[in-house]
Every structure is written in structure tokens, then in C-alpha cells.
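K.L.:
Give me the fold of what follows.
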Amino acid sequence: GMNDKDLETFGKFELSNDKLVFGQLKLAGEASRLELQDDTPFTISDINSAFLHGTLNDFRKVTLLDCVQMGISVKSRDKQSSHHASIVPHYVLLGDRHVHPEELAVKSVSFSIGDAWTLFHDFEAFGFDRNAKQHITEVAGIGKDGKTTLAGDDPRIVYFTGKTLIADVSTVNGSVSVKHCPGWDMGGAHGIRIDNTIFISITFENLLTVKMATQRLIQLLRFLELVIGRAQELTNVYFQLGEAGSRPLELRWTFPPSRQMKGGRIPHSFDVLLNPISDPDTFAKVMQNWLSSDEERRDARSRFLTSFRNQNEYDTDRLIRAANMFDILPASAFPVDVELSPELIDAKQQCRALFRKLPASLERAAMLNALGHIGKPSLKHKVLSRGRFLIGGMNDTFPDLEMVLEAAVDCRNHYVHGSPSKIDYRQESDTTGFLTDALEFVFVVSDLKDMGWNPYAYINKYTTMSHTLGSFRVDYAERLHSLKSLTAR
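P.N.:
Predicted coordinates for the structure are as follows:
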């Protein structure tokens with residue numbers, strides 16, 4: 001996986017003209033490189049950017065996908081010269097065989113994430129025996145020399161229950177399962193320990209290309225990050241191929257899809273949005289709905305998740321991005337168009353007829369465009385319709401939320417269109433932060449609610465504030481107060 005050790009190794013790599021050349025492969029995250037070396041010059045076309053195959057000196061097969069050529073150079077000394085090419089691969093697969101990028105080969109993918117224990121907080125799986133005295137002779141059994149192990153006064157028994165499966169959910173992306181994989185050393189005078197890794201896997205209905213399998217992995221990762229409350233580092237990423245008895249290929253990512261933020265909140269199992277241990281049905285339902293709606297909502301969600309992963313970085317771009325998420329949600333996320341009176345419809349048609357007659361110009365196009373928008377929900381309409389259930393249902397928790405959301409859209413319009421504003425936002429970065437948080441909060445809570453999540457239960461319970469959704473509620477009253485004191489000026 002990713003923080004599995006960096007690797008530097010040598011091998012032979014195949015060029016487009018089938019020639020084998022010597023190469024040094026370094027796998028170290030963003031510093032990953034393949035340096036090829038040969039007696040004759042390289043040309044750009046020798047190196048296939050889509051994929052490169054090699055065999056390492058430990059006989060492992062390596063596939064490099066989506067390669068970027070960093071340059072070709074020559075080193076000379078005493079009339080002898082060697083030619084070098086430097087390449088950055090996006091993905092590297094290591095294992096018993098090569099893979100072609102177009103090949104439908106992958107049956108399942110498995111991986112670990114940094115905060116798996118927080119989300120899958122299965123504290124009953126491991127434990128220690130409180131009645132070890134009664135059980136020790138039976139458990140420890142006969143000693144090596146045929147004598148029974150002599151129990152002392154203070155025996156300890158530590159156990160794993162053996163229930164490896166934590167969750168199993170069938171989704172449009174494949175069947176998602178989560179398992180304990182405890183490992184232990186053989187024990188000795190230094191003691192003995194059980195170390196557990198939680199593995200998450202997606203088994204696909206049909207074989208997929210590496211690219212497709214990777215996209216499904218990232219989709220699930222984004223969902224888990226949201227539920228946990230921060231970006232997750234991936235480790236132990238393995239692709240299992242379709243062939244029976246084949247060993248999995250290990251994936252190394254040069255630019256991983258997420259990295260753990262330094263600083264920031266440490267998630268707490270109390271604050272995760274869903275609890276797969278105590279309420280597995282809701283966890284399954286929300287995951288299924290989230291994944292099946294992702295095709296339609298991914299553009300909007302990915303903008304949210306970009307901000308969510310950089311939690312403490314606020315600027316005007318983030319505010320604009322937060323408002324735009326509502327604009328790029330699909331029409332199905334909103335109630336039907338605004339009802340128009342017959343007089344309005346009539347006026348709209350007359351105006352359109354007038355402007356249609358004019359010769360083409362930017363002004364004419366802008367006006368016809370604006371007329372087309374009458375009756376379609378505006379950005380304010382959209383934001384308020386997504387927040388309606390909070391404005392109505394949680395007025396005690398979020399008083400004046402409607403006013404806050406309108407102020408947020410006004411602020412966005414100020415930065416996008418230069419519309420005049422009562423507040424000097426440059427002086428008031430705290431306010432811009434509050435307005436950004438309000439838009440993001442409404443966006444994600446309404447999205448999850450559509451997927452079958454219960455926002456009222458979550459928002460009303462105690463929080464340690466390790467998730468942004470909890471801290472937004474706790475800080476709301478104070479931040480609302482300072483926003484009102486600005487608008488009152």
C-alpha cells in the first residue's frame with residue numbers, strides 16, 4: 001500500500017519497439033520515477049506513455065500506467081556515452097503478471113484506510129478474559145514436556161472472537177465488505193500481541209479494467225471520508241484478478257487521491273455520521289443510495305469534497321465553489337419550476353418577441369437568456385429549497401438560517417458579479433467563513449437526507465465536534481450573532 005515502504009529496485013523494461021532496456025524504479029509517492037538507461041539514444045516514440053511493462057530483478061512483473069515523460073539526456077565520458085530517459089508513472093502494479101490498460105481483468109479491489117477503527121468501532125471483537133484463573137489450564141493445555149502448564153497467580157488471556165466479517169453491502173458498484181484481519185507474532189519471552197488490520201473490499205459483478213476499478217474505489221473512499229469526517233490515506237491497495245488461483249497485484253499510487261491532513265480534527269467514533277456496528281441497516285442503505293446516485297450528483301459532490309478535505313483553508317474561491325454546488329446539482333434534486341402567473345407568462349412572451357426581432361448582439365443574447373431563466377429556480381431558490389427541511393424542522397437549532405443562506409448567496413454574487421453589498425467582506429473573513437460553512441452544511445446534510453440518513457437524530461445528539469457537521473451546530477448561535485451585528489450597521 002501507500003505507506004508500505006518506499007521501494008528502489010532494478011529491472012528490464014520493454015520499449016514500444018520490443019527492445020528490453022535496463023531501468024531503475026523508485027516508488028516513493030510523488031517522488032516515484034523510472035530511470036531508463038541504454039547504449040543507443042531514446043526517441044519519444046520508443047516509450048509508450050499509456051503503459052510500460054517490466055520485470056524486476058526479484059522476477060516480479062511490473063506494469064506502469066499513465067506515464068509522463070520527464071526528459072531524455074545523455075551522459076558521456078571518454079568517448080563512451082549512455083542515454084537516459086526519466087518517466088513518472090501515475091500507477092504502478094506489482095505482482096505475478098503484467099496488465100494491459102484496456103484489459104477487463106480485475107475481479108475485486110481491497111484496501112485499508114487510516115481511520116477504519118474509528119468508523120468500524122467493533123470493540124467487542126477483541127478483549128481479555130476477566131475470569132482467566134478458571135480458564136487458564138484448559139486454554140494453555142499441556143506443556144511441551146507432557147506436563148500441564150503450571151498456572152501462576154495472575155494469568156492473562158487475550159482473545160479475538162473470530163467473527164471476521166464486520167459489514168457486507170451489495171451496491172451498484174459491486175459488493176462491499178469490511179473484515180478484520182488479525183495477525184499475531186508467535187510469542188516468546190518478549191510477550192505476544194494481536195495486531196488487527198481492517199480490510200475493505202469491493203467485488204465487482206463483471207471484470208473491470210484497472211482504471212474502472214480504481215474509479216469505484218475512489219467513489220467508495222469519498223463516501224467513507226464524508227462519514228468519518230476527514231480525508232483518508234489509502235494503504236494496502238490490492239487488485240484481485242479474475243483468474244482462479246492468481247495472487248493479487250499490489251497498486252502503488254504516485255499521486256494518491258487523498259492524503260491525511262496534518263493538524264485538524266482527529267475523528268471520534270461518537271461523531272461518525274453512520275454506525276455500521278450498532279445500525280448496519282442504515283449504514284448499508286445510505287451507502288447503496290449514495291453510490292447509485294453518484295453518477296448524477298458527482299460533479300456537485302466533488303466540489304464539496306474538495307473543500308471538505310482542506311477543512312481549515314477558507315478563501316473566496318471556496319465560498320463561490322460552495323454556492324455553485326447547488327447550481328450543478330441535477331434538476332431532480334429540486335422541486336419543479338416556480339409557478340408563474342398568467343400576466344408574467346404573457347409579459348415574458350411579449351419581451352421575447354421584441355428582442356428576437358433585433359440583430360444578433362451580446363446584449364440581445366443576454367436578455368433572451370435572462371427571459372429563459374424566468375420560472376426556473378434561481379440560485380437562491382435552489383439553496384433555500386435544499387435547506388427547507390432545516391429552516392422548517394430545526395428552527396430552534398438554526399434560527400434565521402434562511403437569512404444566513406440568502407446572505408451567503410449575496411456574498412457569492414458580490415464576488416462573481418460585483419453586486420454591491422452591505423458588508424465589506426474583505427474585512428470580515430470570519431463572516432465569509434460562516435457563510436461558506438452554512439452553504440456546505442446545507443448541501444451535505446440535504447444530500448445525505450435524500451439518501452436515507454436521519455439528520456435530526458445526528459444533529460440533536462451530543463457531539464465532541466470532531467466532525468464539521470457537529471461543530472457547525474455548536475458554533476451556530478455565536479456566529480449568527482456576529483453576522484447580525486454586521487448587517488444591522
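
K.L.:
for residue 265, what are its contacts?
P.N.:
Counting by Cβ atoms under 8 Å, 6 or more residues apart in numbering, residue 265 touches 229, 230, 311, 465, 466, 467, 468. All C-beta spots, glycine's among them, are computed from the backbone N, C-alpha and C.

K.L.:
from these, which is closest to residue 223?
P.N.:
residue 229 (12.5 Å; Cβ to Cβ).

K.L.:
For that closest one, give its distance to residue 364.
P.N.:
Residue 229 sits 50 Å away from residue 364, going by Cβ to Cβ, to the nearest Å.

K.L.:
What of residue 302?
P.N.:
Using Cβ to Cβ, we find residue 302 at a distance of 35 Å from residue 364.

K.L.:
export the contacts of residue 265 to TSV and tack on distance to residue 440, neighbour count and pLDDT?
P.N.:
Below are these laid out as TSV (distance: Cβ to Cβ, whole Å; neighbours: other Cβ atoms under 10 Å; pLDDT from 0 to 100):
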residue	distance to residue 440	neighbour count	pLDDT
229	13	27	90
230	14	22	90
311	10	16	78
465	16	16	84
466	17	20	83
467	13	22	87
468	8	19	86
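
K.L.:
Name the helix or strand for residue 175, please.
P.N.:
Using DSSP states H and E, residue 175 maps to strand 174-184.

K.L.:
Same question for residue 112.
P.N.:
Since the elements are taken from DSSP H and E, residue 112 ends up inside strand 106-113.

K.L.:
thinking again about what came up before, for the helix or strand following the strand holding residue 175, packing partners?
P.N.:
Note on strand 174-184: by DSSP H and E, the next helix or strand toward the C-terminus is strand 194-208. Contact here means 3 or more Cβ pairs under 8 Å, 6 or more residues apart in numbering; DSSP states H and E; on that basis strand 194-208 packs against strand 106-113, helix 116-119, strand 158-160, strand 174-184, helix 210-228.

K.L.:
which stretch in those is the model least sure about?
P.N.:
Here the helices and strands packed on strand 194-208 differ in mean pLDDT, and the lowest is strand 158-160 at a mean of 66.

K.L.:
and which of the contacts of residue 265 is nearest residue 334?
P.N.:
residue 468 (24.3 Å).

K.L.:
show me where the stretch 201-350 of the chain has helices.
P.N.:
Assigned by DSSP state H, counting those that start in this stretch, the helices in the stretch 201-350 of the chain fall at 210-228, 280-309, 316-327, 342-356.

K.L.:
and the strand holding residue 112, what does it pack onto?
P.N.:
strand 194-208, helix 210-228, strand 234-241.

K.L.:
what does the first one contact?
P.N.:
Yep, that's strand 194-208 we're talking about. Applying Cβ under 8 Å, 6+ apart, the contact partners of strand 194-208 are 104-113, 116-117, 120, 125-126, 158, 160, 166, 173-184, 213, 216-217, 220, 224, 236, 242.

K.L.:
strands paired with the strand holding residue 112, and their directions?
P.N.:
strand 194-208 (antiparallel), strand 234-241 (antiparallel) (DSSP bridges).

K.L.:
Show me what counts as buried in the longest one.
P.N.:
Buried residues in strand 194-208, counted by 16 or more other Cβ atoms under 10 Å: 198, 199, 200, 201, 202, 204, 207, 208.

K.L.:
how close does residue 470 sit to residue 153?
P.N.:
Here the criterion is Cβ to Cβ. By it, residue 470 lies 47 Å from residue 153.

K.L.:
Those two: which has the busier surroundings?
P.N.:
Shown here are residue 470 and residue 153; by other Cβ atoms under 10 Å, residue 470 has more neighbours (22 against 5).

K.L.:
Pull up the distance across stretch 50-63, start to finish.
P.N.:
Terminal residues of stretch 50-63 lie 10 Å apart, using Cα to Cα, to the nearest Å.
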